[in-house]
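1. predicted structure and sequence below. I'll ask about it afterward.
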Amino acid sequence: MRDQVEIGMGRTAMRGYDLDDVEIVPSRRTRSSQDVSLAWQLDAYKFDIPLVTHPTDATVSPATAVRIGQLGGLGVLNAEGLWARHSNVEAKLAEIVRAAEESTDPEAPIKLLQELHAAPIQRDLLVESLKQVKDAGLTVAARVSPQHAEELTPLLLEAGVEVLFVQGTIISAEHVSRDGEPLNLKNFINELDVPVVAGGVGDYRTAMHLMRTGAAGVIVGFGQSRASTTTQVLGIGVPMATAIADAAAARRDYLDETGGRYVHVIADGSLSYSGDIAKAIACGADAVMLGEPMTESSEAPAQGYYWTPAAAHPNLPRSEMVGFAGSDADLERLLFGPSSDPYGTLNLFGGLRRAMAKTGYSDLKEFQKVGLQLRA
């Protein structure tokens, strides 16, 4: 039974743990890292590494989505982002970077993002951005918000999207809208022929509800990072180690409930280093959704700056724009090394592979059973 802590007379809170609070415990075995497999499969789609990109224009362009796919991961384009609204996105991103570096108004970059996202989504631009991934022979994935899922999904399917992400800061099985019909995810998913990944969630109950809609995967977290301000704006936080473990428990119970239907758990948040990726998998995640760590790549579209899609919300942005020193490492070196950085910001999946080898596990499902301990 998880600890409930009294925070005042008549009010209790559940204790939760973040990834920084847990450590992986070595077992009695070790093995060669060459004998470790990082492969995983989402529905019919197979990937060499458990990487899904956080769908932000700061790090994911059509070109980087292609490159990530070539390297074995899954690049997810934001169907409501700049690539769907403007034909000269590189120039727009340069404007955003200049606003961050030169403006005396600290809110200038966010104001500009809001202004750029006020432009309408253009069908031809969205189709063209997805076509670049499709023409490369890679899995085509796109993200929509719950508010616009029904509106945009037919276009996305027509454009060749093979995996659909319905992603918001917090999502439920039924999104209730005052101005129209609610999005009932179960009905929505059942009408589609492509796998749907939905999130984010932060607890067992919501994860189970999403699994029962027919989702192929559930996203845990809302992209917590240095840029995310959701906790400051909404007071909502997700202790990732606990949230991942809760979602993994829901996955296990749903597997029993359905007699064998497996739903993937994808961790999105508090992932800065290769060790964080290893701990997320150890807590029960099948894959990780990386955003902020991708800014280390010299191929990142925003030149070392990062924000989440929530930065462009028209009246309540929940992300600031943060600049990182970055490196001259391309995507391949970012993911697989070699690295000269001693903290795990490069060779991200080499770090995961080595963690699995040092604890004696040969694949991701086995590594989910590794021992964990809490810091004192």
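-> That came in fine, so what should we check first? Numbers count the residues shown, from 1 in each chain.
2. next, count neighbours for the residue nearest to I24 when sequence neighbours are not counted.
-> Taking CB to CB, 6 or more residues apart in numbering, and ignoring the residues beside it in sequence, I24 has A282 as its nearest neighbour in space, at 5.3 Å. From N, CA and C alone the C-beta is placed, and that goes for glycine too. Summarising burial for A282: neighbours were counted as other CB atoms under 10 Å, giving 28.
3. does A282 touch Q368 like I think?
-> Yes - if you go by CB atoms under 8 Å, A282 and Q368 touch, sitting 6.7 Å apart.
4. show the pLDDT at E174.
-> We note a pLDDT of 58 for E174 in this prediction.
5. before we move on, back to that, measure the residue nearest to I24 to I244 for me?
-> From A282 over to I244 the distance is 9 Å, taken as CB to CB, to the nearest Å.
6. tell me the SS of the residue nearest to I24?
-> Assigned with DSSP: H, G, I helix; E, B strand; the rest coil, A282 falls in the helix class.
7. which residues touch it?
-> The contact partners of A282, by CB atoms under 8 Å, 6 or more residues apart in numbering, come to 22, 24, 367-368, 370, 372.
8. can I get the residues you listed in TSV with pLDDT, neighbour count and secondary structure?
-> As requested, these are exported to TSV (pLDDT from 0 to 100; neighbours: other CB atoms under 10 Å; DSSP: H, G, I helix; E, B strand; the rest coil):
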residue	pLDDT	neighbour count	secondary structure
V22	97	19	strand
I24	97	20	strand
F367	97	20	helix
Q368	97	18	coil
V370	97	20	coil
L372	97	15	strand
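9. out of the residues you listed, the closest to R11 would be?
-> Checking those against R11 with CB to CB, the nearest one is V22 at 26.6 Å.
10. wait, doesn't that closest one sit right on A278?
-> No - the pair formed by V22 and A278 falls short of the contact definition of CB under 8 Å, at 10.7 Å.
11. residues contacting P146?
-> Neighbouring residues of P146 by CB under 8 Å, 6+ apart: 166, 168, 171, 175, 183, 185.
12. how close does it sit to V196?
-> Applying CB to CB to P146 and V196 gives a distance of 11 Å.
13. overlap in contacts, those two.
-> Where contact means CB under 8 Å, 6+ apart, the residues bridging P146 and V196 through contact with each are 166, 185.
14. can you give me the end-to-end span of stretch 14-28?
-> Using CA to CA, to the nearest Å, the gap from the first to the last residue of stretch 14-28 comes to 33 Å.
15. buried set for that stretch?
-> Buried residues in stretch 14-28, counted by 16 or more other CB atoms under 10 Å: 16-19, 21-22, 24.
16. check stretch 65-83 too.
-> Of all the residues in stretch 65-83, those buried under the rule 16+ other CB under 10 Å are 65-69, 71-83.
17. stretch 37-57 too?
-> Taking 16+ other CB under 10 Å as the criterion, stretch 37-57 shows 38, 40, 42, 47, 49-57 as buried.
18. show me those that map onto strands.
-> Among the buried residues of stretch 37-57, the members found in strands (DSSP state E) are 40, 42, 47, 51-53.
19. which stretches of the stretch 251-376 of the chain form strands?
-> Per DSSP state E, counting those that start in this stretch, the stretch 251-376 of the chain has strands spanning 264-269, 287-290, 305-306, 322-323, 371-374. These are given in chain order.
20. lowest-confidence stretch among these?
-> The stretch with the lowest average pLDDT out of the strands of the stretch 251-376 of the chain is strand 322-323, scoring a mean of 92.
21. name the helices or strands packed onto it?
-> The contact analysis (3 or more CB pairs under 8 Å, 6 or more residues apart in numbering; DSSP states H and E) places strand 322-323 against strand 305-306.
22. neighbouring strands - and their directions - for the strand it packs on?
-> Applying DSSP bridges to the sheet, strand 305-306 is found paired with strand 322-323 (antiparallel).
23. ok, and what's touching the strand it pairs with?
-> Outside strand 322-323, the residues touching it (CB under 8 Å, 6+ apart) are 100-101, 225-227, 292, 304-307.
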